[in-house]
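Undergrad: Sequence first, then the predicted structure:
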Amino acid sequence: MENKVLTPEDRLNSLGFTLKPVRAAVGNYVSLVRTGNLIFTAGQGVDEFHGKLGRDLTIEEGYLASRQSMLNLLSALKNELGELSRIKKVIKLLGFVNCTDTFTEQPKVMNGASDLLVEVFGEKGKHARSAVGMAQLPNNTAIEIEMIVEIED
């Protein structure tokens, strides 16, 4: 019996996630830029979670929002690469959390995205990260994340 190696897409499916079509840009920019073997993504918000962490949304809802944002980022990467297995290493995440001025749990919110990357990519999904609070984000989205990945040619 042959051992089948699970692709990142297989892992996403086993977790109950399906990648949606790439979200349309809402301005004069592209969803990602490739230079050499690095891809820099534009920030991806979410369609479902709106409002401020610490007032309108719980940490648990923020965690789910960051997972949704990461799924949007993975959709953009899959659209560019064809296969997520071409990702050699997730380098960096930058997470913007729409929150009250007294909210200090941005890292717990961003764990949703970070945990998903490790579940899908294993060691290749471990990354550097910044999680910062923002006074407001476009369309009152709860979170926006951008990332840098290294890819295989």
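TA: It's in.
Undergrad: Helices along the chain, start to end?
TA: Remark: helices assigned in the chain by DSSP state H are 8-14, 59-81, 106-121.
Undergrad: what would these look like in JSON lines with distance to residue 35 and mean pLDDT?
TA: All C-beta atoms are positioned from the backbone trio N, CA, C, and that covers glycine. Rendered in JSON lines, the data for these read as follows (distance: least, Cβ to Cβ, whole Å; pLDDT from 0 to 100):
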{"stretch": "helix 8-14", "distance to residue 35": "22", "mean pLDDT": "97"}
{"stretch": "helix 59-81", "distance to residue 35": "13", "mean pLDDT": "98"}
{"stretch": "helix 106-121", "distance to residue 35": "21", "mean pLDDT": "98"}
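Undergrad: Run me through the strand neighbours of the longest strand along the chain, direction for each.
TA: In the chain, taking DSSP state E as the definition, the longest strand is strand 87-98. Each strand that strand 87-98 pairs with, and the sense of that pairing, follows from DSSP bridges: strand 128-134 (parallel), strand 143-151 (antiparallel).
Undergrad: of all those, which gets the most neighbours per residue?
TA: When you average the neighbours per residue for each of the strands paired with strand 87-98 (mean count of other Cβ atoms under 10 Å), strand 143-151 leads with a mean of 23.
Undergrad: any idea how far residue 117 lies from residue 145?
TA: From residue 117 over to residue 145 the distance is 11 Å, taken as Cβ to Cβ, to the nearest Å.
Undergrad: and for those two, which residues touch both?
TA: Listed as contacting both residue 117 and residue 145 by Cβ atoms under 8 Å, 6 or more residues apart in numbering are 70, 93.
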